[in-house]
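1. generate coordinates for the sequence data below:
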Amino acid sequence: MQIVQDSGQLSNWKGCALIPTMGALHEGHLSLVRAAAREWSGPIVVTIFVNPTQFGNQNDLLNYPRTLEHDLEQLRPLGIAAAFTPSVEMVYPTDHQIWQPPLPPVAMTPQLEDLHRPEHFAGVAQVVARLVDLCQPQRLLLGEKDYQQLRVITEMVERESKRWPGLVVEGHPTIREPDGLAMSSRNQLLTTSERPRALGLVTALQAASAAETAAEAESRMTQILLEHALHIDYAVVRDATTLQPITSHQQPSRALVAAHLGHVRLIDNLATDFGSA
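-> Below you'll find the model as predicted:
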């Protein structure tokens, strides 16, 4: 595994499978590396970059976990070609303007993350576009935990097929802790007393999957989140592709939740199989 900070070296791995991360790696990230190793015969590149443009709250940016040396130790046995760990100046050089890709509707209209973190997807789209331009991958592997983000990047890549011909976005299932909590770098910020309350998210999603209608699912999720003393941003069931309110029993749907526990904001989601009746 080579550790690369200069984009000039990335041409060695053109056509790679790319796994973009902000570090503080956990089994969710490592599962993507293992999936790439199983399914991809070419080189695998993992990026570690805490992207400042996707943080609306500067305290959140400052407090985001940074564990680079531990991250690299976890990656070394996995046989990847390179870990790309660029500086902010490398990703966003001051001597020329970095392209800002136009956002697809799923980044602006569902009123989920786009409502509560209005700058977020512009920053995500910009950094992913920049990393794709630099690394020139054939595959882009992402987890489903940040589900709206997955949909945004998938649609962005589809829209920019001339810029990135042949690039395929692969979404992989959320990896969970033994107690069911979705793995997240932010879990490190939870105190021992907060951890049981955080499980309200997965309990709410499980209740949603057992409901018979979207309305019942949303009601159950809201009740359970409140019982766990969580401050709710949203607890909804949406069309799995557009993230709009569901209108058909035939369309796959997704239950999505976001809630605050003290200074920590957690998100999670789960596939559901009912319509709007």
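2. which secondary structure element of this protein has the lowest mean pLDDT?
-> Across the helices and strands of the chain, mean pLDDT, DSSP states H and E gives its lowest value to helix 58-63, namely a mean of 83.
3. now do it: distance to the chain's middle.
-> Between the centre of helix 58-63 and the centre of its chain there are 18 Å (Cα atoms, centre = their mean, to the nearest Å).
4. what mean pLDDT does the helix or strand that that helix is followed by get?
-> Helices and strands here follow DSSP states H and E; after helix 58-63, the next one along the chain is helix 68-75. Averaged across helix 68-75, the pLDDT comes to 97.
5. start at 13, not 1
-> With 13 as the first residue, the last one maps to helix 80-87.
6. mind listing what's buried along helix 80-87?
-> 83-84, 86-87 (16 or more other Cβ atoms under 10 Å). (Each C-beta comes from the backbone N, C-alpha and C, glycine too.)
7. helices of the stretch 63-212 of the chain, residue ranges please.
-> Taking DSSP state H, counting those that start in this stretch as the criterion, the stretch 63-212 of the chain contains helices spanning 70-75, 80-87, 100-103, 125-128, 132-147, 159-171, 207-210, 212-222.
8. relative to G178, which of those is closest?
-> Judged by Cβ to Cβ, the one of those that comes nearest to G178 is helix 159-171, at 10.3 Å.
9. what angle do the closest one and helix 132-147 make?
-> Calculated by axes from the mean of the first three to the mean of the last three Cα atoms, to 10 degrees, helix 159-171 forms an angle of 50 degrees with helix 132-147.
10. show residues contacting helix 159-171.
-> Outside helix 159-171, the residues within contact range by Cβ atoms under 8 Å, 6 or more residues apart in numbering are 113-119, 122, 124-126, 133, 136-137, 140-141, 144, 152, 154-156, 176, 179-181, 183, 253, 255, 266, 268, 281.
11. please list all residues in contact with the spatially most central residue of the chain.
-> In the chain, the residue lying closest to the centroid (Cα atoms, centre = their mean) is D158, at 3.5 Å. Taking Cβ under 8 Å, 6+ apart, we find D158 in contact with I279.
12. what about the helix or strand A49 falls within, average pLDDT?
-> Under the criterion DSSP H and E, the helix or strand holding A49 is helix 39-51. Summarised as a single mean, pLDDT over helix 39-51 is 96.
13. before we move on, back to that, so among the contacts of helix 159-171, which ones count as buried?
-> 113, 115-116, 118-119, 122, 124-126, 133, 136-137, 140-141, 144, 152, 154-156, 176, 179, 181, 183, 255, 266, 268, 281.
14. keep only those of those that are in strands.
-> Among those, DSSP state E puts 152, 154-155, 181, 183, 266, 268, 281 in strands.
15. list the pairing partners of the helix or strand just after the helix holding A49 within its sheet, with orientation.
-> Note on helix 39-51: by DSSP H and E, the next helix or strand toward the C-terminus is strand 56-60. Strand 56-60 has the following strand partners under DSSP bridges: strand 29-33 (parallel), strand 94-96 (parallel).
16. contacts for strand 56-60?
-> Contacts of strand 56-60 from elsewhere in the structure, counted by Cβ under 8 Å, 6+ apart, are 22, 25, 28-35, 37, 41, 45, 48-49, 80, 83, 87, 91-98, 143, 147, 149.
17. dump the residue contacts of the residue nearest to A141 when sequence neighbours are not counted.
-> The shortest distance from A141 to any non-neighbouring residue, by Cβ to Cβ, 6 or more residues apart in numbering, is to P113 (4.8 Å). For P113, the contacting residues are 137-138, 141, 168, 171-172, by Cβ under 8 Å, 6+ apart.
18. what about P113, distance to M168?
-> In this structure, P113 and M168 are 6 Å apart, going by Cβ to Cβ, to the nearest Å.
19. one step back: lowest average confidence across the helices of the stretch 63-212 of the chain, which one?
-> Set side by side, those show their lowest mean pLDDT on helix 70-75, which sits at a mean of 83.
20. and that helix, what other elements does it pack with?
-> Packing partners of helix 70-75 (3 or more Cβ pairs under 8 Å, 6 or more residues apart in numbering; DSSP states H and E): none among the helices and strands.
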